[in-house]
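>>> With the input below, show me the fold.
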Amino acid sequence: AAAGQWSAATTLSDENQPSTSPTIAARAGVVSVGWVRSDGFNDRVQARSRTNDGAWGGTTDLSAAGQDAATPQFVMASSGQTHAIWIRSDGTHTLVEAAVRASGAADTWTSAASPLSAPGQHATSLALHATGSSVRAAWVRSDGAVARIQTSSPSGSGTWPDPSGAETLSPPSSGAAEPR
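Numbering: from 1, shown residues only. A predicted model of the protein is given here:
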């Protein structure tokens with residue numbers, strides 16, 4: 001589209017299933033879009049990306065089948081990597097999971113979602129931010145007594161640490177909510 005004009009709408013999700021919770025990350029003509037769509041049994045986080053040549057890749061399921069996923073958030077680092085986080089149920093608790101799209105590749109996401117939060121706790125209220133090449137996720141998790149803020153960042157190569165690498169920022173004696 002010409003400068004100052006919107007391009008024509010493009011349908012990215014499956015036209016036969018409702019999609020909700022859209023999120024977008026863009027930098028230098030590269031765009032990644034995520035959403036939540038039912039696979040007929042559970043809600044799944046899906047994504048499509050467009051490289052700077054304007055070609056959209058195929059749809060990728062980011063969250064695993066078998067349990068519901070929700071509230072995706074995407075950011076793009078200056079490296080061109082897209083980082084995605086979302087909340088996913090394990091059947092009893094909710095976890096934060098992440099995936100990374102390689103720079104310059106429309107369809108190349110990490111092969112399996114990486115858990116960021118520890119199992120056996122409830123994680124809610126996501127925040128995701130990128131400044132230059134630095135990316136940071138934050139969330140609220142319940143430790144059984146109070147809600148606590150936790151945060152995590154991927155390595156320079158884009159690999160997120162396992163849940164033991166998460167930092168707890170809020171003090172244990174007081175509750176916390178809504179990271180931004």
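
>>> Tell me, how many residues neighbour residue 84?
Residue 84 is flanked by 27 other residues according to other Cβ atoms under 10 Å. All C-beta spots, glycine's among them, are computed from the backbone N, C-alpha and C.

>>> Next one, pLDDT for it please.
Residue 84 is assigned a predicted lDDT (pLDDT) of 96.

>>> just the one 10 residues further on next, same as before
Residue 94 is assigned 93 on the pLDDT scale.

>>> cool, and residue 174?
For residue 174, pLDDT reads 68.

>>> cool, and residue 72?
Taking residue 72 on its own, its pLDDT is 97.

>>> Run a quick neighbour tally on it.
Neighbours of residue 72 (other Cβ under 10 Å): 25.

>>> OK, contacts around it?
Counting by Cβ atoms under 8 Å, 6 or more residues apart in numbering, residue 72 makes contact with 21, 23, 34, 35, 36, 45, 47, 62, 84, 85, 86.

>>> Doesn't it lie inside a strand?
Yes. With DSSP: H, G, I helix; E, B strand; the rest coil as the criterion, residue 72 is assigned to a strand.

>>> how much space is there between it and residue 99?
10 Å (Cβ to Cβ, to the nearest Å).

>>> what's the overlap in contacts for those two?
Counting by Cβ under 8 Å, 6+ apart, the residues touching both residue 72 and residue 99 are 47, 62, 84.

>>> returning to that earlier point: just the buried members of the contacts of residue 72?
21, 23, 34, 35, 36, 45, 47, 62, 84, 85, 86 (16 or more other Cβ atoms under 10 Å).

>>> Check the secondary structure at the fifth one for me.
Going back to what we said before, that points to residue 36. Once three-state DSSP is applied, residue 36 turns out strand.

>>> Determine which two of the contacts of residue 72 are furthest apart.
Spanning the widest gap among the contacts of residue 72 are 35 and 85, at 14.1 Å by Cβ to Cβ.

>>> hang on, residue 113 packs against residue 61?
No. Residue 113 is not in contact with residue 61 according to Cβ atoms under 8 Å; the separation is 9.6 Å.

>>> Compare the two (neighbour count), which wins?
residue 113 (23 against 16).

>>> For that one, give me its contacts.
Contacts of residue 113 (Cβ under 8 Å, 6+ apart): 62, 63, 64, 88, 97, 98, 99.
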